[in-house]
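Undergrad: Could you look at this predicted model? Sequence included:
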Amino acid sequence: MAEKRKQQFNVYLPPELVRAVKHRCIDEGLSLSAFVENILSDYLNDAAPDTDQQKGQ
Amino acid sequence: MPSPAPLTVQPIHFTSDYAIWREFYLKLGLHPTTANDPMVTILAADSGQLMLAEVPADHRLDGVRLVEFTVPDVDAHAEALEKAGTAAPRVQLAHRDQSNIALDLPQGRVHIGQHLTTAGATLFDPAGLNIGALLYCPTEMVAAGAQQLAPYGLSPRIASDNGGWTDLTGNGVLAFHDSELHTVSNDAPNQPVVQVFGETGDVVGLASDLEDRGQEATVIDESYGRSLRVTQPDDQQLYINETMDDLYGYHRLNA
């Protein structure tokens, strides 16, 4: 199967959070990219957006 | 017992696109040396050096990277090893004037030979660009390969707690990393294929230098630190890792 296309995704985060995320990646034996992809995908799949808040109500 | 002289790590890159790759490695920051033959040239980093060898386009080694190690005096090195109780069997390679020391690692055979140039024979230093080889192999071979190679003149430095990474420094850097091992037949029937890689203490500064030279490069975060990814002429990425300052999940072997 063809590998999914990836692109770089730059964000600014507190250094302490970056460090903690990297340590967790090592604990879980995952690359940083795979770890962040899993977290973001799970969040987007599980957490429905608050539509009222989105509309500013 | 005195330690043997440090080995110079010398990846060998075989290519039919000799001029293009020579230009790439010069842009990367390697320097021309006196070992500059039309078909074989050695380019030096601040520590470690790379041999670029031209082969025909249909040659089985076109695009392959191997690794060898060099010393100022291979006879003296072999003698010092044997005095220290380390075997130093010699083999005569077809294209070398002097016999080499043959070392059979779990990953395959590598050779220690006489320097053609000492330009890259400077000890590893994060202040500069250190060039070397990344040897992918099964996890069970990672530490074993490093332990077997170390007595010949490299210093084990950092290993991952999970056993998937061990690196050694000398003049240049060599790392064993868990993944699939590939070997080819060249000077011996089972020589391990490597990737050229590098290390420096300042990947952001190097990225800026590379951009100034017109070479595309991007710094990315990895779990183990940061890495500069340099786009090579074959569209593959060359990794230049930033010297680790956070050893979470890793440990020093040279403390």
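TA: It's in.

Undergrad: burial measure for residue 21, as a count.
TA: Since you didn't name a chain, this refers to chain A. When neighbours are counted by other CB atoms under 10 Å in any protein chain shown, residue A:21 registers 16. The C-beta positions use only the backbone N, C-alpha and C, and glycine is treated the same way.

Undergrad: Hmm, no, I was thinking of chain B.
TA: Every residue meeting other CB under 10 Å relative to residue B:21 is counted, giving 21.

Undergrad: How about the residue of the stretch 1-150 of chain B found nearest chain A: what's its closest non-neighbour residue?
TA: With CB to the nearest CB as the measure, residue B:139 is the residue of the stretch 1-150 of chain B nearest to chain A, at 11.5 Å. The spatially closest residue to residue B:139, leaving aside those adjacent along the chain, is residue B:178, at 4.2 Å (CB to CB, 6 or more residues apart in numbering or on different chains).

Undergrad: I figured the one you found hits residue B:134, correct?
TA: No - using CB atoms under 8 Å, residue B:178 makes no contact with residue B:134, being 11.4 Å away.

Undergrad: hmm, back to that, near the residue of the stretch 1-150 of chain B closest to chain A, how many other residues are there?
TA: Other residues near residue B:139 number 16, with proximity taken as other CB under 10 Å.

Undergrad: Tell me the bridge partners for the residue nearest to residue B:139.
TA: residue B:137 (DSSP bridges).

Undergrad: Against which helices or strands is the helix or strand where residue B:14 lies packed?
TA: When secondary structure is defined by DSSP states H and E, residue B:14 falls within strand B:8-15. Packing partners of strand B:8-15 (3 or more CB pairs under 8 Å, 6 or more residues apart in numbering or on different chains; DSSP states H and E): strand B:49-54, strand B:65-71, strand B:130-137, strand B:172-178.

Undergrad: helices or strands next to the second one in the packing?
TA: Judged by 3+ CB pairs under 8 Å, 6+ apart, strand B:65-71 is in contact with strand B:8-15, strand B:108-114, strand B:130-137, strand B:191-192.

Undergrad: okay, that strand in CSV with CA atoms only?
TA: This file holds the C-alpha atoms of strand B:65-71, laid out as CSV (Å, rounded to 0.1, in the frame of the first residue of the first chain):
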residue,chain,number,x,y,z
ARG,B,65,26.9,3.6,0.5
LEU,B,66,29.4,1.4,2.4
VAL,B,67,31.7,2.3,5.3
GLU,B,68,35.4,1.8,6.0
PHE,B,69,37.8,3.1,8.6
THR,B,70,41.2,4.5,8.1
VAL,B,71,44.3,5.0,10.2
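
Undergrad: Show me which of residue B:178 and residue B:134 is the more surrounded one.
TA: Neighbours per residue (other CB under 10 Å) separate residue B:178 from residue B:134, with residue B:134 holding more: 23 against 18.

Undergrad: List the residues that contact that one.
TA: B:175, B:177, B:194-197, B:239 (CB atoms under 8 Å, 6 or more residues apart in numbering or on different chains).

Undergrad: and if you look at residue A:24?
TA: Residues residue A:35 are the ones in contact with residue A:24 under the rule CB under 8 Å, 6+ apart.

Undergrad: now do the one 4 residues further on
TA: Residue A:28 is in contact with residue A:35, counting by CB under 8 Å, 6+ apart.

Undergrad: The one 5 residues further on too?
TA: Contacts for residue A:33 (CB under 8 Å, 6+ apart) come out as residue A:6.

Undergrad: ok so, going back, how far away from the center of its chain is the strand holding residue B:14?
TA: 7 Å (CA atoms, centre = their mean, to the nearest Å).

Undergrad: do the same with stretch B:111-126
TA: With CA atoms, centre = their mean, you get 10 Å for stretch B:111-126.

Undergrad: What is the end-to-end distance of it?
TA: With CA to CA, to the nearest Å as the measure, the ends of stretch B:111-126 fall 26 Å from one another.

Undergrad: Quick one: mean pLDDT over that stretch.
TA: Averaging pLDDT along stretch B:111-126 gives 93.
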